[in-house]
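K.L.:
Could you look at this predicted model? Sequence included:
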Amino acid sequence: MIERAIERLADALLTGLGLLVIAAVCLNFANVVGRYVFGQAIFGADEIQTYLMVWMAFLGAVVVGWRNAHLRMDVLVRALPRAVQLALRLIELLLLVATAAVVALQSWIFVITMAELDRHSDAANIPMAIPHAAVAIGFTLIAAGALWHLLARRWAQAPSDQDTP
């Protein structure tokens with residue numbers, strides 16, 4: 001039941017990411033029209049587009065991690081006995097939880113520092129804590145998803161059961 005709810009959230013997140021792509025394309029188009037037709041670019045548009053892409057990348061990574069849809073070089077692993085495959089999958093998840101948690105912690109520290117320093121972007125005057133929060137939130141959710149997979153023993157499923165088409 002919890003996994004179904006998380007899947008619905010992942011679907012909603014993908015819809016939101018699609019809307020962010022559309023927003024970035026519209027902003028880019030408006031900026032091009034403004035620049036080449038009216039001789040006036042939208043001030044800060046490039047920064048906003050960059051920050052949108054950062055958010056899209058890290059939130060997209062959350063969905064990819066949750067659905068186990070990331071690229072994986074597992075030709076040799078699939079040739080190993082099932083017990084070894086499962087052990088490697090367990091080790092992979094443990095390392096992912098640890099790595100993502102460390103990156104998340106360091107990212108949160110940096111986000112807090114940016115907020116305390118009240119740093120803003122040069123052109124769009126966006127608080128720098130906002131784009132940096134994408135890394136912190138992304139890795140926090142990746143660590144949480146990997147921990148869920150670990151505790152729910154999803155690593156013990158056969159590799160073919162985990163693959164998405």
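P.N.:
Noted; the coordinates are in hand.
K.L.:
Do a quick rundown of the helices in this structure.
P.N.:
2-36, 45-66, 75-78, 82-117, 129-151, 159-162 (DSSP state H).
K.L.:
Measure how far the direction of the longest one deviates from that of helix 129-151, in degrees.
P.N.:
In other words, helix 82-117. Counting by axes from the mean of the first three to the mean of the last three CA atoms, to 10 degrees, helix 82-117 lies at 160 degrees to helix 129-151.
K.L.:
Return the residues in contact with the closest residue to residue 43 other than its chain neighbours.
P.N.:
The shortest distance from residue 43 to any non-neighbouring residue, by CB to CB, 6 or more residues apart in numbering, is to residue 123 (5.8 Å). Any C-beta I mention is one placed from the backbone N, CA and C, and that applies to glycine too. Residue 123 makes contact with 43-44, 46-47, according to CB atoms under 8 Å, 6 or more residues apart in numbering.
K.L.:
and among the helices of the chain, the most buried is which?
P.N.:
When the helices of the chain are scored by mean count of other CB atoms under 10 Å, the highest mean neighbour count falls to helix 129-151 (a mean of 20).
K.L.:
Give me the distance between the spatially most central residue of the chain and residue 128.
P.N.:
Nearest residue to the geometric centre of the chain (CA atoms, centre = their mean): residue 58, 2.3 Å. Using CB to CB, to the nearest Å, we find residue 58 at a distance of 15 Å from residue 128.
K.L.:
Ok, residue 153 next?
P.N.:
40 Å.
K.L.:
Please say which of these two ends up with more neighbours.
P.N.:
For residue 153 and residue 128, the more surrounded residue by other CB atoms under 10 Å is residue 128, and the numbers stand at 18 against 10.
K.L.:
so what's the backbone phi/psi at that one?
P.N.:
Main-chain dihedrals, residue 128, degrees, to the nearest 10: phi -70, psi -10.
K.L.:
Residue 5: which of the contacts of residue 123 is nearest?
P.N.:
residue 47 (35.1 Å; CB to CB).
K.L.:
I'd guessed the closest one sits against residue 126; true?
P.N.:
Yes: contact status for residue 47 versus residue 126: in contact at 6.8 Å, counting by CB atoms under 8 Å.
K.L.:
The residue nearest to the centre of the chain is in contact with residue 131, isn't it?
P.N.:
No: in terms of CB under 8 Å, residue 58 does not count as a neighbour of residue 131; the distance is 10.0 Å.
K.L.:
so where's the protein uncertain?
P.N.:
Counting by pLDDT under 70, the chain contains low-confidence residues at 158-165.
K.L.:
that older thread, so the residue nearest to residue 43 versus residue 51, what's the distance?
P.N.:
11 Å.
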